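*Asks:* Sequence and predicted structure, then a few things I'm wondering about:
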Amino acid sequence: MSHSSAADYSTLTSLAEAPSPVSGWRRLAADMAAVGCSSVVCQGLGVVTSLVLRAALTPAQMGVWQGLKLLLGYANYTNLGVSKGAARELAIAVGSGETARAQQGLNLAFTVNTVTSLVYGIALAAAGLWLARDRGGLPADSWLVGLLALGALVVVQRHLTFHVTILRCKQSFALTSWASLVEGSLTLGLAGLGAWRWGLPGLYGGTLLTLLATLGYLHWRGVGPLALAWQWSEIRRLVAIGGPILLGGVATALLQSLDKLMILAISSNREFDLGCYSTPLLITGQIYGLANMFALVVAPRYGELFGRTGRRDEVARLAARASELLAAVTSLSAAAGLVIAVPMLACLFPAYRPGLVPATWLVPGIIMLALALPLNQYLVAVCRERLAMAAAVVALAAGAVADGAVLATGHGIMGVAACTAIVYAGYYLLLLSVSIWPRLDAAARRRYLITHIVVLLFPLAPALWLTDVQAESIDIARLGGNAVVVLAVWSVVAAAGWRLAGWKTACQDGNCSNGPMPNAQYLTPPDPCPD
């Protein structure tokens with residue numbers, strides 16, 4: 001980089017003290033609103049679709065469909081991470097303006113997706129034909145027809161999900177939100193009615209038509225087709241990038257389900273314990289889903305800023321600031337879940353009360369796991385995906401040992417909940433120590449600690465104190481009073497953060513604009529991820 005461009009770059013990055021996404025905070029808020037609204041509508045459509053399917057199919061048929069959906073999900077792992085590597089490269093290229101190599105990576109990933117999904121689909125179809133020959137027929141509601149149908153579904157689904165991934169990297173969240181609504185509506189209309197009229201074959205056909213129609217909708221909205229290409233050296237490079245990202249995601253997913261798996265494997269009363277333990281997961285699942293939605297929208301901004309600046313410290317400051325917002329969102333949802341959802345569940349399902357006591361551990365624990373999201377995504381964005389993978393593997397191993405120990409010593413689901421919360425907190429601290437913490441200066445570190453402690457502790461402390469896991473009846477007045485207390489405390493903290501933590505000043509200084517950074521231009525910083 002020349003001396004003049006370096007000087008320009010230094011001037012540009014010092015224009016605003018508070019880090020902001022290249023496209024601004026208002027655009028981020030708009031994207032979050034679009035994704036949030038579409039998610040709520042799609043959840044409603046999903047509930048209706050689930051009810052329709054259970055009315056149309058027998059339990060055995062629903063079991064076949066659930067098993068086939070698991071096999072359909074495994075198709076995401078067949079490309080060995082090439083898609084994730086290409087997506088990471090695209091997010092960086094959006095910021096740097098050097099899109100030619102990123103487009104080449106997308107074409108290569110498209111080709112690998114096509115080949116691997118075809119191979120996987122053919123293998124599933126062959127398994128279905130082999131079972132048909134072995135069992136002498138193709139009953140319409142059997143696994144055999146389902147495996148044959150799955151051979152086509154995996155190919156179409158991989159193309160659709162890859163296009164959605166590309167759009168998210170380009171921050172086209174309005175379009176992906178509309179695509180989700182189209183897919184959810186068509187799933188209910190085509191797959192649901194197909195199952196109602198023709199059973200499992202109708203469900204297969206309706207699902208295939210839904211995927212094809214959603215893919216057609218994206219092309220109608222201007223999403224261009226990708227080209228077939230092949231270059232071994234570049235594919236190996238993308239596997240080296242995307243493989244650790246993929247494995248880290250698998251390890252993180254296993255970490256989320258580890259407590260349930262350990263209860264099922266070791267607990268002496270596994271079915272009862274797991275059934276009770278699943279009750280607070282209704283709360284933690286919603287909290288983590290909200291955090292995941294936030295992370296989904298913010299993650300491409302990290303790569304974009306890294307591509308624009310080539311500086312990990314700038315991205316670290318943005319991740320730290322985004323984490324403040326995430327802490328505020330999760331603390332309110334967690335506090336509300338404790339004071340409202342826990343006593344209501346205790347009253348509605350008294351047999352499940354033994355599982356509600358662990359909620360006092362699991363809810364704070366899920367906040368720690370949620371706060372690990374921006375740290376993980378920071379490492380991926382700045383080409384440190386191997387560190388993210390290693391941290392997830394370490395946490396997974398520690399969780400397995402701890403959960404096994406407490407179950408073996410008779411501490412039951414309460415011990416598992418406590419271990420899970422501690423492991424989640426340890427995973428968060430480990431990620432923090434290897435991600436943004438070394439990149440923050442002393443002032444930024446103090447700000448990070450103070451804001452997170454205040455935003456989390458003040459709403460959660462009264463919520464934990466007011467939580468009633470032994471409620472005998474639904475007391476609306478008490479629930480309302482507890483909710484008001486928690487909301488009042490959170491509102492005071494949020495107002496103080498708005499004024500004292502610099503968010504109001506940042507907006508007034510223009511960092512919340514919908515446009516690019518001031519004097520935005522592609523300054524060609526050094527290659528942030530050299531080969």
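*Replies:* Nice, thanks for sending it over. Values in this document were obtained by computation on a predicted structure and should not be read as measured data. Numbering: from 1, shown residues only.

*Asks:* Which residues are in contact with the closest residue to Asp475 other than its chain neighbours?
*Replies:* Of all residues not flanking Asp475 in the chain, Pro343 sits nearest, at 7.9 Å (C-beta to C-beta, 6 or more residues apart in numbering). Placement of C-beta: from N, CA and C, glycine included. Counting by C-beta atoms under 8 Å, 6 or more residues apart in numbering, Pro343 touches 467-469, 471, 474-475, 479.

*Asks:* now whichever strand or helix holds Gly242, how far from the chain's geometric center?
*Replies:* Following DSSP states H and E, one finds Gly242 within helix 232-266. How far helix 232-266 lies from its chain's middle: 13 Å, per C-alpha atoms, centre = their mean, to the nearest Å.

*Asks:* Packing partners of that helix?
*Replies:* Secondary-structure packing of helix 232-266 (3 or more C-beta pairs under 8 Å, 6 or more residues apart in numbering; DSSP states H and E): helix 82-96, helix 99-135, helix 270-309, helix 359-381, helix 385-408, helix 412-434.

*Asks:* gap between stretch 417-432 and the chain center?
*Replies:* That offset, for stretch 417-432, works out to 18 Å (C-alpha atoms, centre = their mean).

*Asks:* List the contacts of that stretch.
*Replies:* Contacts of stretch 417-432 (C-beta under 8 Å, 6+ apart): 255, 258-259, 277, 280, 358-359, 361-362, 364-366, 368-369, 371-372, 375-376, 379, 388, 391-392, 394-395, 398-399, 402-403, 405-406.

*Asks:* do the same with stretch 73-80
*Replies:* Contacting residues not belonging to stretch 73-80 are listed as 109, 112-113, 116-117, 119-120, 154, 157-158, 161, 239, 242-243, 246, 250 [C-beta under 8 Å, 6+ apart].

*Asks:* and if we set it to 7 Å?
*Replies:* Contacts to stretch 73-80, defined as C-beta atoms under 7 Å, 6 or more residues apart in numbering, come from residues 112-113, 116-117, 120, 154, 157-158, 239, 243, 246.

*Asks:* could I get stretch 479-498 in PDB with only the CA atoms?
*Replies:* Extracted as PDB, the C-alpha positions of stretch 479-498 are listed here (Å, rounded to 0.1, in the frame of the first residue of the first chain):
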ATOM      1  CA  LEU A 479     -46.400 -12.200  37.400                       C
ATOM      2  CA  GLY A 480     -47.200  -8.700  36.200                       C
ATOM      3  CA  GLY A 481     -45.400  -7.100  39.200                       C
ATOM      4  CA  ASN A 482     -42.300  -9.200  38.700                       C
ATOM      5  CA  ALA A 483     -42.200  -8.300  35.000                       C
ATOM      6  CA  VAL A 484     -42.500  -4.600  35.800                       C
ATOM      7  CA  VAL A 485     -39.600  -4.800  38.300                       C
ATOM      8  CA  VAL A 486     -37.400  -6.600  35.800                       C
ATOM      9  CA  LEU A 487     -38.400  -4.300  32.900                       C
ATOM     10  CA  ALA A 488     -37.800  -1.200  35.000                       C
ATOM     11  CA  VAL A 489     -34.300  -2.300  36.000                       C
ATOM     12  CA  TRP A 490     -33.500  -3.200  32.500                       C
ATOM     13  CA  SER A 491     -34.800   0.100  31.200                       C
ATOM     14  CA  VAL A 492     -32.700   2.100  33.600                       C
ATOM     15  CA  VAL A 493     -29.600   0.100  32.500                       C
ATOM     16  CA  ALA A 494     -30.500   0.600  28.800                       C
ATOM     17  CA  ALA A 495     -31.100   4.300  29.200                       C
ATOM     18  CA  ALA A 496     -27.800   4.700  31.000                       C
ATOM     19  CA  GLY A 497     -26.100   2.800  28.200                       C
ATOM     20  CA  TRP A 498     -27.700   4.900  25.600                       C
END
